[in-house]
Every structure is written in structure tokens, then in C-alpha cells.
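Peer 1: Structure, please.
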Amino acid sequence: MTDSKYFTTTKKGEIFELKAELNSDKKEKKKEAVKKVIASMTVGKDVSALFPDVVNCMQTDNLELKKLVYLYLMNYAKSQPDMAIMAVNTFVKDCEDPNPLIRALAVRTMGCIRVDKITEYLCEPLRKCLKDEDPYVRKTAAVCVAKLHDINAQLVEDQGFLDTLKDLISDSNPMVVANAVAALSEIAESHPSSNLLDLNPQSINKLLTALNECTEWGQIFILDCLANYTPKDDREAQSICERVTPRLSHANSAVVLSAVKVLMKFMEMLSKDLDYYGTLLKKLAPPLVTLLSAEPELQYVALRNINLIVQKRPEILKHEMKVFFVKYNDPIYVKLEKLDIMIRLASQANIAQVLAELKEYATEVDVDFVRKAVRAIGRCAIKVEQSAERCVSTLLDLIQTKVNYVVQEAIVVIKDIFRKYPNKYESVIATLCENLDSLDEPEARAAMIWIVGEYAERIDNADELLESFLEGFHDESTQVQLQLLTAIVKLFLKKPTETQELVQQVLSLATQDSDNPDLRDRGYIYWRLLSTDPVAAKEVVLAEKPLISEETDLIEPTLLDELICYIGTLASVYHKPPSAFVEGGRGVVHKSLPPRTASSESTESPETAPAGAPSGEQPDVIPTQGDLLGDLLNLDLGPPVSGPPLATSSVQMGAVDLLGGGLDSLMGDEPEGIGGPNFVAPPATTVPANLGASMGSGLSDLFDLTSGVGTLSGSYVAPKAVWLPAMKAKGLEISGTFTRQVGSISMDLQLTNKALQVMTDFAIQFNRNSFGLAPAAPLQVHAPLSPNQTVEISLPLNTVGSVMKMEPLNNLQVAVKNNIDVFYFSTLYPLHILFVEDGKMDRQMFLATWKDIPNENEAQFQIRDCPLNAEAVSSRLQSSNIFTVAKRNVEGQDMLYQSLKLTNGIWVLAELRIQPGNPSFTDLELSLKCRAPEVSQHVYQAYETILKN
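Peer 2: Here you go, the predicted structure:
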């Protein structure tokens, strides 16, 4: 008889009877009783009262009975922690049982009992099991460490279990290795900062050896672990790929996808010229195709992953178009996904096949699928120019079917085709206009209205068509209303005499009778444009449209790279990073693909250490990060942090430029529509602690009672120049200069309000720049700036901001915000504000360094018309922190040997040749030597500025 009998009894007083049976002397009776207890527990009855009696049954050699008791124990230990301690002795005993199955069973159960009181008693048995001679026990103990870590992480670290786990990676048994990797990966996920899986070529080799002999789930753990490793060069990447490739032919689709993930990641490091790269591409296609013969649910997961792979490397599946053709019995979710991939793979070579297939789909019965098929035809036209004509005629054939939803989708995509190929297919407009009455969906109506407005001059009765839409203006959706407003304004600008009434009608409907702020605003803008400057209105409304791009739904590249690292996981099905759907911080680590080999070949010399490195090394001015535009949208305009910028590395935005063309695009006369950052004005009371006395008070007043911005040393200060003219900043004019005074740099600003309204809430932010210049305090304008008022402010700066090479090197891009808007400007700062006070080099050191810097780094310059003698030159330069190390006279010429040091630790050595007492020869010859030769030109400009002013 089967065990189902245990689930059928519903006697009362059962607990009392079970208690008696559990304490019986007969083994069989005991076993029956425990089975009844487990059955009651399974159906939800509370049998916790029998805890001590069941625990007594643990003392048995019968493996089946022991398993049942352990099952009961796992379920009730949490609610009866004090009683659970009674079982500890038996666990300890079972962990030394001669039968490895019992040892493993004991250690597994120990891991599942989540009771703090018990955990410390389990450490000793677990330690023994981790070193057990039987691999089955060791692999079970490895997983137990991860479970114990989840209950009490500190205990696991104190007991040294993590080191034992790391040792298990070198175990001779592949299953032990796989479980150790799984346990360490699990622990590492909850502690992303800890470097538990310290992978190196030796440990990777052990994992690859174990890979061939593991069970399928063991292989997945190892492959996922390999995917987190970054090989040191392309040769190692190729070697790993060669050993992982056989996993592609595994029967388990999870193993296949994990192998694909590893290969996709390491292919980044392989040069495309390698023969192996081509071979690998060919090997990746068959396993992906095979996944599509599985059941629909697996197909869907495979298709979502293939969608990512095709976006990253379309060449892998470019010859496999046919496998993505839809089958009649595919579920709708598989059909739609296949359709998406077909469009991504469409090219000139296969477009005829694809179009024939799509035309077939457009006659199916499934409405959603038909709609997507019609859209797909339009996307193919936009993607493959040679097929556009064929696509348009296919769409016209579909319109002739007069099926309502087909017609509407076709009109929506034809609008996009007109945008992509202007003045090519407009002959079809007449056919479209015939179907105007059948349109009832907002998107289709809006598309048709756009076509009528855009090509009004080609449509004789355009005004009548638009007037027909206008009759039910208030019943239309916002999308249609906005489109109708724009179309009628376009029509008016093309045929002003015939449509004056129509345009007045739509403008009053939009502005006076509408509740929608978007519609009202657009109506007012058009009204004012038309009434003040019709020529400008024409330039704005009838401006040439930019062509639309072929792929509008591609995943953004940095997100795609992250998702490639998550192939075979939920993230690859959702097409979202884990951080978007995993709650809490656990397990969410941002991953990215390794850099391509070209960029990883450049070895770092001492000169290219990042700025801010200890001055013992020679740091370069500029880490080469030209592609990472540190635009101002990444940053808040709260009070600047006076100290090292801790958050910069996390805000690099993966080379995405949120401003479009970088700050440069906002410097010129760009349209105001480009939104600036959401700058937060700093609180007026915030002053960083290290700022000392405010610039306008205390000592500085003694030196300059008028402005409160006196210079304390003789360092040359350029006169203020206008940096931001009032006409470009809605009435705010900014002039300024830079000063260096006893070791502190400041930006002296003069703000003038030439507008008619009061200005408040000032804040300032710098873009990343070559020397890390950043505000050391908020921009403090203490009183509102009234019209025609001017205020002078000294803004202290530091050099601990983010660094990025600028062109030219001393370019500084600035954003200033007030209650009106955010304004951008750029200025060039003189390099001498970065010359530090301890820039005098010892003579011996000077000589050794001059010899050490290669001759090709030497630059020669002439400073013309400078009639100063050596003493005057030396004293003038010293006031700007250019120090004379030695002076000598050679053949009647004075030679000055000078040194200076920049704020980021770069030394510049100079040799200055002066002709004394010769009024006809006033040119000075300057030789500069520096480990960062880009700096020399700007140092020469500093010399010239200081000596001539």
C-alpha cells in the first residue's frame, strides 16, 4: 500500500495516540508514527507538541527514519528553539557516523535550521565535514557554509570557513569545486566589496578542468563564475573561450546560455582580425538555433536573449533568418519576439524573403500580430533603403484590403517613411486621403493630420480635410489636438489668404477653450509668433526636419553591455538591469564588458598616474578620458564638497553624454529648449569649515578697502574680462579673472544685472577639467541682485575636483544658475594660478631631472620685446612662483635656470637666456622641459604674460 494512507485519517485525539506510538519500543511502529506526524505537518496541522518525542527518535540507524525526523526538525526548530538544542548532540554524533550519507544529511539539516542559539554548536561538526574524506560530504558542507553565512556572517568569518571554502576550489572532485564556487558566489553577492572569489589564471585553470566533469548545475555555477573574471590579455581570453566552447553542445539550455554569456564577454577582448574570432562567431549560431526547437516558454527566454545578442553582434545570426520565421502554432509572445529579431537581422541580402513573409503575416487573424507585422514592413523600409519602394507598394496593397486596423497601422508607418525619404513617395498621399473617414485611433489620426499639414501644398482640399477634424476638436485625444494645431498653422503659413479663419478658429480653441496646459502653451507660442514675426514663424514651423534614424528601439549601448553580462538570467528576459527589479541592495552589482584589446595594450607609465597621486610619483595632468564627458548634468549644484570628490567614479555615466553635444553645444546660439540641469541652490548659511575667514572681511580689507578682494602676494592678476555677455544670459553679465594669493586660488567675479527683474538663488558648478579646478565654497550673493546693480564676489577654488583632459588644456566650462535659468560659458584660466609655493628645486635635483627628461620633451620659445635685466626677470617670476635655481653668465649672456611645480605635482624646468645691456636686442629665449609636454605651450604663455605686464 502507498504512503497516501497517512493523509486520509482525520481522527480526534490523534496527538495523544501519536505520542504513545512515538515512544513505542517497536521500530516499525515508531517509523509509522513519524510518517503520520510528517503527513499531518504537510497538510498544515500543528504537531509541534510532539517535538521532544520526535527528537527522541533521532537515535536510530535507520536512514529513512532519520531523514523523516530531520525533516520535522527543520520545520519546527524555529518555533521551538529551546527544544531544538536537544538535537545538537545527535548532529555532532551523526557528523562522525561511518556512513557518508548520514554525515551529509546531518550537515545539510544543520544548515537549514535557522536558529541563532544552535549555530555556534554547529561550527565544529561543519569544520570536520568540510575536511571529510568523502566528496559527497564535502560538497554538502560547502553549501552549508553559505547558509550559515546568511544567518551569522561574522561567525563564519571568525571561524575561518571562508578560507576553507577557497581551498575547496582546488579540490580533486569537480562537484565539490562547483559547490564551493556556488557558495562563494552567493556570499560574494551579499558582500559586493569583498574580494572572495579572488580569481587568477591558476584558479581559472582548476575551474575549467572541473567544468568537464560536473553535473549540469555545477557547470552553470562555474560558467557564471568565469563570466565575472577579466582575463589579463587576449591570449588568455582565447584560451578560456576554447575550453568553454564544448559546453555549447550541452543538452541543458541553461548551460548553453551560460556558455554563450562567457563567450560574448570574452569576445570583447579578441581582435576581429583573428581567425579564431571568425570561428567563434560560426560556433555560436547553431546552439542558439537549437534553443528555438524547445517548448514555447524556453523559446521565449532564448529569443529575449538572442534579441540582446543580435543587437551586440548581428553577424552571429545574419545567415539564420529562416529560423525566426513564425510558425502557425507559435504562441503570440513567441511570434512578436521573432518578428522583432527578423527586423534586426533584415539586410539587403535577405529583404525580399523578409518582406514576402511579413506580407503573409499581415493577413493573419491575430490583431496584435498583424499590427506589429505592418509596423515591421515600415521599419524594414527605413532600415534597408533599397527595399523602401517595395515596402511602400506592399503597404499600399495592404491599405487596399480596407481592413481597418491594417489601414491605420500602414498610415502610421508611411508617415515615418516620408520623414526618412522626403520628396520620394508623396504620390501615395491621394490614396491615404481616401481612407481618412475610417481612422478612429489617435495615433493613426495624428499621423494622417501630420501628413496633410506637412504636404498641404500638394493637397488641393487640405483645408477642408483639416476642417473636418476640427469639428470634434474637444473630443480628440491630446496627441491629435496638438498635431491638428501644428498642421493648421503649417497650412496657414503655406496658404495664408485662404486659411485665415481656420487658423484663428484653432488658436482660440487651443488657448481659450482648452484645459490642457501643453496645448494652451503651444497655441500661445504660435499666436505670438504669427502676430509678431511671421517670417520667424515660417522658419520655426516649416523648418527642415531631421531624417529619422533606422533603429529607434535599440537598447542604449552601456545598458546593452551590462545586460550581455546577465545573459541567461531574469535581467536578460526583462531587458532591465537587476537594480531595476531586485529590491534592496543584495546581489545588485553593476557589471560591464572588459575593454577591447586596443585600449588595454597601453601600459601605464609613471607620468600617467591619476592626478592627486602622492607627489613622489610624477602624475600626469590628464588621465586619458576624452570619451567620458563629465557633463554638468551628472552633478548637483548643491554646496561643493571641499575635499576629494568621492562620488565621481560612480557617476561616469558609462560614456553617455546627457547634453547631446557636450557643453560645447550649449555655448553657441542653441535653442533654449535644451533643458539645463536641475540645479539646487545651496543654502545661504553653508560655509565649508576649511575656508577660514570670508574673503570680503578680516585681513583682506586692510589691503583693499574698496572691493574686499585684495591680492596678498605680487602674483600677476589679469584685468577682468567679460565671460558671459548679458544678451546671452537673459540680462546677467559676468566678468571675472583668476588670482593666486598665498597658496589659495580664487575666481574674482563681477555680476551685473542688466535685466528688468531681481536675480536671486545664485549657484555655480564647473565641468571636469584638466587640473581638477572646483569651487571650494558655494557662490555667496548675500542680497538679491536688483536691476542695474553690480556685485563683486571672490569664489575660493581648490584642485580636488574631477579631472578630464580639455582642449585647450586650460579651458574651464562653467554653469551658473539663478532664479531665471541656468547659463553656460567657458573661459581660459592662466596657468600661473596653478604654480605652487614649494616649486623651488634643489640644484643637484634640477641637474639630474633635466638629464632624465628625454630631449624630445624640450620645447623652445621666444619672448619678444622684453627689455628687463636678469634680476628684474627673476624677481617678477618669483612673485608668481617660478623660482630661479641657479644663474650664470655664458659668453656675455645671462642664463637663468628655473623650476616650477603645478598643483598636481608636475615639475617644469626652464632655461631662460637674456642679453644684458643690449637695448637693440630685447628678445628672451626660453627652453622648457617637462614630463608632460602638453603643458609647455601654456607655461610659455604664463611667462610672457607675467614678464610683459
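
Peer 1: show me the residues around Leu519 that make contact.
Peer 2: Thr478, Gln481, Leu482, Leu485, Ala510 (CB atoms under 8 Å, 6 or more residues apart in numbering). From N, CA and C alone the C-beta is placed, and that goes for glycine too.

Peer 1: PyMOL command for the buried members of those residues?
Peer 2: Of the contacts of Leu519, the buried ones go into a single PyMOL selection, burial set by 16 or more other CB atoms under 10 Å:
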select buried, resi 481+482+485+510
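
Peer 1: Just give me the closest of the contacts of Leu519 to Val392.
Peer 2: Relative to Val392, the closest of the contacts of Leu519 is Leu482; by CB to CB it sits at 26.8 Å.

Peer 1: Check which element follows the helix or strand containing that closest one along the chain.
Peer 2: Leu482 is located in helix 478-494, with elements delineated by DSSP states H and E. Sequence order places helix 500-511 as the next helix or strand after helix 478-494, per DSSP H and E.

Peer 1: Would you quantify the distance from the spatially closest residue to Trp907 that is not a sequence neighbour to Glu837?
Peer 2: The shortest distance from Trp907 to any non-neighbouring residue, by CB to CB, 6 or more residues apart in numbering, is to Lys901 (5.4 Å). Separation of Lys901 from Glu837 (CB to CB, to the nearest Å): 9 Å.

Peer 1: Could you report the neighbour count for Asp521?
Peer 2: 12 (other CB atoms under 10 Å).

Peer 1: Please apply the same query to the one 4 residues further on.
Peer 2: Here the count is done by other CB under 10 Å, and Ile525 has 14 residues near it.

Peer 1: Give the next helix or strand downstream of whichever strand or helix holds it.
Peer 2: If you go by DSSP H and E, Ile525 is part of helix 517-532. Remark: after helix 517-532, the chain's next helix or strand is helix 534-541, criterion DSSP H and E.

Peer 1: list the buried ones in the next helix or strand after that next one?
Peer 2: Toward the C-terminus, helix 534-541 is succeeded by helix 557-564 as the next helix or strand (DSSP H and E). Neighbour counts over helix 557-564 (16+ other CB under 10 Å) mark Thr558, Asp561, Glu562, Leu563, Ile564 as buried.

Peer 1: Likewise for stretch 228-244?
Peer 2: Quick answer for stretch 228-244 (16+ other CB under 10 Å): Tyr229, Thr230, Pro231, Asp234, Glu236, Ala237, Gln238, Ser239, Ile240, Cys241, Arg243, Val244.

Peer 1: Show me the shaky parts of the stretch 51-200 of the chain.
Peer 2: 192-195 (pLDDT under 70).

Peer 1: Also the chain?
Peer 2: Those would be 1-13, 192-195, 550-553, 584-590, 596-714, 918-921, if you go by pLDDT under 70 across the chain.

Peer 1: try 50
Peer 2: Residues of the chain meeting the criterion pLDDT under 50: 1, 598-713.

Peer 1: And the strands in it, which stretches?
Peer 2: 721-724, 732-741, 744-753, 763-766, 774-775, 790-798, 811-817, 822-828, 858-863, 883-890, 893-901, 907-914, 924-930 (DSSP state E).

Peer 1: I would like the residues contacting stretch 434-446, please.
Peer 2: Residues contacting stretch 434-446 (CB under 8 Å, 6+ apart): 399, 402, 404-405, 407-409, 411-412, 448, 465, 468-469, 476-477, 479-480, 482-483.

Peer 1: Distance to Gln780 added to the buried residues of stretch 228-244, as a markdown table?
Peer 2: As requested, the buried residues of stretch 228-244 are exported to a markdown table (distance: CB to CB, whole Å):
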| residue | distance to Gln780 |
| --- | --- |
| Tyr229 | 51 |
| Thr230 | 46 |
| Pro231 | 52 |
| Asp234 | 54 |
| Glu236 | 55 |
| Ala237 | 54 |
| Gln238 | 59 |
| Ser239 | 60 |
| Ile240 | 57 |
| Cys241 | 59 |
| Arg243 | 63 |
| Val244 | 60 |
